[in-house]
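K.L.:
Kindly generate the corresponding structure for this input.
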Amino acid sequence: MSWRTSRTVLLMRNLGRALGVNRLVASCLGGERYEDRFQVAMLGAIRPGDLVWDVGANVGLYSRKFSEKAGPSGQVVAFEPSPDNLLRLQEAVASLGNVTVMPVALGDREAVVQFEQGLDSLGATSRIVARADGASVGQIAVQLSSGDHLVSSGRVARPNVIKIDTEGFELDVLRGLQFTLRHASVRTLCIEIHFSLLKERGLPHAPSDIEQLLVSSGFSLLWPDASHLIASRIT
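P.N.:
The predicted structure is shown next:
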């Protein structure tokens, strides 16, 4: 697909990660605030009245911004499986009438999986780590559902814009949305690609698989920086 997911670039990223220079290189190539371009593009994709899915909502930073952009006629569905993060998320959006919190993780099936709370102050590195039968100390069981199942069962409505930040689980989320993504009402996906975590899971070619899935679903792709991907519906 794109040069960013070619084997050569992935090998260079792996080498840079081993040397501890990837963040420095990304900053030099894109500027100190290179991730801001992703946020600007993401918020710019939301129209008044849109339904936005915040997949991996964490403590609600983006959910609040999405709420403002979608306006009173729009809606935000914030997906967050972490019990710790969930409390902070619910507090953050309590005054927002257009935000619904879903305490589930999105993936490619219906299951109970193990979840590990991140140790950072925001819990932003929290992630799914294993099946329920592989639990270890410090892990908790959470519900996993596919977006397609949630839509087909009527639990949530089909979105217009989707943001995905799931710490190496982004391909699973997209595989569970393949029917939903075929609908023209889904205009934009904004995804953080966690190259190192995907490799750690034994999925080194997942970034390319993500690109292929999105292109086959009718989207054009843009990388505003080294770790974020924006997919826009081809009209």
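K.L.:
And the next helix or strand past the lowest-mean-pLDDT helix or strand in the chain?
P.N.:
When the helices and strands of the chain are scored by mean pLDDT, DSSP states H and E, helix 22-30 comes last with a mean of 55. Where DSSP states H and E defines the elements, the next helix or strand beyond helix 22-30 is helix 36-44.
K.L.:
Between helix 36-44 and the helix or strand just after that following helix, find me the angle.
P.N.:
Next in sequence after helix 36-44, counting helices and strands by DSSP H and E, comes strand 51-55. If you take axes from the mean of the first three to the mean of the last three Cα atoms, to 10 degrees, strand 51-55 sits at 140 degrees to helix 36-44.
K.L.:
What lies in contact with strand 51-55?
P.N.:
Contacts to strand 51-55, defined as Cβ atoms under 8 Å, 6 or more residues apart in numbering, come from residues 46, 62-63, 66, 69-70, 74-79, 106, 147, 156-166, 173. Any C-beta I mention is one placed from the backbone N, CA and C, and that applies to glycine too.
K.L.:
Paired strands for it, with orientation please.
P.N.:
Sheet pairing here is set by DSSP bridges, and for strand 51-55 it gives strand 75-79 (parallel), strand 161-164 (parallel).
K.L.:
okay, the first one in CSV with CA atoms only?
P.N.:
Provided in CSV are the C-alpha atoms of strand 75-79 (Å, rounded to 0.1, in the frame of the first residue of the first chain):
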residue,chain,number,x,y,z
GLN,A,75,-24.2,12.5,19.3
VAL,A,76,-21.0,10.9,20.6
VAL,A,77,-20.7,7.3,21.7
ALA,A,78,-17.6,6.9,23.9
PHE,A,79,-16.3,3.3,24.2
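K.L.:
now what about it, what contacts it?
P.N.:
Under Cβ under 8 Å, 6+ apart, the answer for strand 75-79 is 50-57, 60, 63, 66-67, 70, 89, 93, 96, 98-102, 104-106, 156-157, 159.
K.L.:
How far off centre is it?
P.N.:
Relative to its chain's centre, strand 75-79 lies at 13 Å (Cα atoms, centre = their mean, to the nearest Å).
K.L.:
if we can go back for a sec, what subset of the contacts of strand 51-55 is buried?
P.N.:
With neighbours counted using 16 or more other Cβ atoms under 10 Å, those contain these buried positions: 46, 62-63, 66, 69-70, 74-79, 106, 147, 156, 158-166, 173.
K.L.:
you'd agree L214 is up against V186?
P.N.:
No. Contact criterion Cβ atoms under 8 Å: L214 and V186 do not qualify, at 10.7 Å.
K.L.:
Looking at strand pairing, list the partners for the spatially most central residue of the chain.
P.N.:
Nearest residue to the geometric centre of the chain (Cα atoms, centre = their mean): I164, 1.4 Å. I164 has these beta-bridge partners by DSSP bridges: V55, I191.
K.L.:
Pull the contacting residues for it.
P.N.:
Counting by Cβ under 8 Å, 6+ apart, I164 touches V55, G56, E170, V173, L174, L189, C190, I191, E192.
K.L.:
Buried ones only from the residues you listed, please, as a PyMOL command.
P.N.:
Remark: buried members of the contacts of I164, expressed as a PyMOL selection using 16+ other Cβ under 10 Å:
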select buried, resi 55+56+170+173+174+189+190+191+192
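K.L.:
can you redo the contacts of I164 as CSV with pLDDT and distance to S126?
P.N.:
Formatted as CSV, the contacts of I164 follow (pLDDT from 0 to 100; distance: Cβ to Cβ, whole Å):
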residue, pLDDT, distance to S126
V55, 98, 13
G56, 96, 9
E170, 97, 14
V173, 98, 15
L174, 98, 20
L189, 98, 21
C190, 98, 19
I191, 98, 17
E192, 96, 14
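K.L.:
Cheers, nothing more for now.
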